[in-house]
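Visitor: Here is my input, please return the structure:
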Amino acid sequence: MSRLFRRRPLAGLAAMVGLGLLAAGCSGGGSAAPAGLEKTNLTVAAVPALDSAGLYIAKDRGLFAAEGLNVTILPAISGATAIGSQLAGKFDVTVGNYVSYINENTTDTHANFRVLAPASIMQADTQEILVPRNSPISTVADLAGKTIAVNVRNNIGTLLISSVLSDNAVQVNKSQFVPIPFPQMAQAMVEHKVDAAWLPEPFVTQAEEDTGAVPLADANQGSSQNLPISGYMVTASWLKKYPNTAAAFRTAILKAQAIAATDPAAVQQGMEKFAGSPPVVAAIADSPEYPTQQNAILLQRLASLMLNFGMLQQAYNVNQMIVK
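Guide: This next block holds a predicted model:
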C-alpha cells in the first residue's frame, strides 16, 4: 500500500499526470524599487522540491515585489549543477543543498558561498530511500553492494544515504551511487538501472504513485536526524556588490518562510504553480521544517558528518559562510 493511502484516503491517484521539472519564470511587476537597491531584477535557480517552497511563496504572495524586487525562478537539477552558472554570474541566488556549497568552498579557491537565509530542515518522511515494487530489498542491510540513485554524486543525498547505511552497520563503500535526475529515478528503478533511489518530497510521493515505489528507509533517523538540508546561497562577491538587494531578498524570504511554516495551503499553491506539482501530490506530500533563522549548531553537525564520511578533507567551520 502506498504512503499516499496511509496518509489520506484519496481516490483517483493512479491517474495523476507526472511531475514536470519546469518551474515558472514569471516576471511579475511591482511597485517602484525602494531607494538604495543596487539591482532589482534577479534570477534565482532552485530545485523544484518542497525545500524551495519559501521561494515560491515569496513570489506568489508578492513579497519580493513589496521589496522592489522582480524575481525570475528557473529550475535546477541540483545545487551542484547550478553552482557553475552562479559563479559565472548567470544566477543571482540559488536554492540548494548545503553539502554542495561547502564542498565548493573547500575545493575551489574562486568559490566563496554564503548562506543568505535558511530554506529547510529535514523532518520525517521528507527525504527517503525507495525501492521498486516487489523488490527483494526489504531492509537497509539489503542495500549492501547495491546501486542507489542520487541526483548528483557527493551532495546531500550521498551524505544522507551514507549516514543511514552506516547507522545500520552497512559498509558505505560497498554501494554505488548513480546520478539520475529526480523525475527519472522511479522509472530507472522499474527498468532495473538502479536497485534503490534517494528522493526528497514531492518526488517521493510522485514515485509511489507513478510506479508503486516503496519507501525503504526514512533518512530522518540516527546521525542524520533533523539535519538542515538547503539554503538560499549567494557568492561573497555578489553580497558585497549588492548588499541592499541581498537584504531586501532576505527580508522577503524570511517572511515567506514564516508563512510556509504555518500555512500548508500556501506551500501547496506554490508547489503547484512554480514546481509543476500535480494538485494531489502537492496536497499530501510531507513538508520539511521552514526555519526563519539559521541554526549554526545543526549546520555544523552536517559539516562534521561530511568529514566523517570523507566528503571533506579537513574540518570546516560553517560560521564563516552564514550571513548574520
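
Visitor: so who does Ala49 touch?
Guide: 182, 200-203, 275 (CB atoms under 8 Å, 6 or more residues apart in numbering). C-beta here means a position set from N, CA and C on the backbone, and glycine is covered the same way.

Visitor: Where does pLDDT dip in the chain?
Guide: Along the chain, the parts satisfying pLDDT under 70 run over 1-35.

Visitor: domains of it?
Guide: 3-123+227-321, 127-224 (automatic domain parsing).

Visitor: Tell me which residue is most central in the protein.
Guide: Geometric centre of the chain, nearest residue: Asp51, 4.6 Å, by CA atoms, centre = their mean.

Visitor: Where do the strands of the stretch 51-200 of the chain begin and end?
Guide: Secondary structure of the stretch 51-200 of the chain (DSSP state E, counting those that start in this stretch): strands located at 70-75, 93-97, 113-121, 127-131, 147-150, 176-179, 196-200.

Visitor: partner strands of the second one, parallel or antiparallel?
Guide: So the one you mean is strand 93-97. strand 41-46 (parallel), strand 228-235 (antiparallel) (DSSP bridges).

Visitor: CA-only coordinates of the longest one in PDB, if you can.
Guide: As requested, the backbone C-alpha atoms of strand 228-235 are provided in PDB (Å, rounded to 0.1, in the frame of the first residue of the first chain):
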ATOM      1  CA  PRO A 228      19.500  21.200   7.700                       C
ATOM      2  CA  ILE A 229      19.100  20.400   4.000                       C
ATOM      3  CA  SER A 230      19.200  23.600   2.000                       C
ATOM      4  CA  GLY A 231      19.600  27.300   2.000                       C
ATOM      5  CA  TYR A 232      19.500  30.500  -0.200                       C
ATOM      6  CA  MET A 233      23.000  30.800  -1.400                       C
ATOM      7  CA  VAL A 234      25.000  33.800  -2.800                       C
ATOM      8  CA  THR A 235      28.600  34.400  -3.500                       C
END
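
Visitor: how far off strand 196-200 does that strand point, in degrees?
Guide: 70 degrees (axes from the mean of the first three to the mean of the last three CA atoms, to 10 degrees).

Visitor: from the chain's centre, how far out does strand 228-235 sit?
Guide: 9 Å (CA atoms, centre = their mean, to the nearest Å).

Visitor: one step back: mind checking the strands paired with strand 93-97 for the one nearest to Thr245?
Guide: strand 41-46 (7.3 Å; CB to CB).

Visitor: Name the residues that touch the closest one?
Guide: Strand 41-46 is contacted from outside by 23, 52, 55, 64, 69-76, 82, 85-86, 90-96, 245, 249, using CB under 8 Å, 6+ apart.

Visitor: Now it: buried residues?
Guide: Neighbour-count burial for strand 41-46, counted by 16 or more other CB atoms under 10 Å, picks out 42-46.

Visitor: Also stretch 182-195?
Guide: 182-183, 185-189, 194-195.

Visitor: Dump the residues you listed into JSON lines; add distance to Lys59 as well.
Guide: Shown next, in JSON lines, are the buried residues of stretch 182-195 (distance: CB to CB, whole Å):
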{"residue": "Phe182", "distance to Lys59": "21"}
{"residue": "Pro183", "distance to Lys59": "22"}
{"residue": "Met185", "distance to Lys59": "27"}
{"residue": "Ala186", "distance to Lys59": "28"}
{"residue": "Gln187", "distance to Lys59": "30"}
{"residue": "Ala188", "distance to Lys59": "31"}
{"residue": "Met189", "distance to Lys59": "33"}
{"residue": "Val194", "distance to Lys59": "34"}
{"residue": "Asp195", "distance to Lys59": "38"}
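
Visitor: of those, closest to Glu208?
Guide: For those, the nearest to Glu208 is Ala186 (8.3 Å; CB to CB).

Visitor: so who does that closest one touch?
Guide: 130, 197, 206-207, 210-211, 213.

Visitor: Helix, strand, or coil at the residue nearest to it when sequence neighbours are not counted?
Guide: Nearest non-adjacent residue to Ala186, counting by CB to CB, 6 or more residues apart in numbering: Ala207, 3.7 Å away. Classification of Ala207 by DSSP: H, G, I helix; E, B strand; the rest coil places it in helix.

Visitor: what's the spacing between Gly79 and His110?
Guide: Gly79 is 17 Å from His110, where distance means CB to CB, to the nearest Å.
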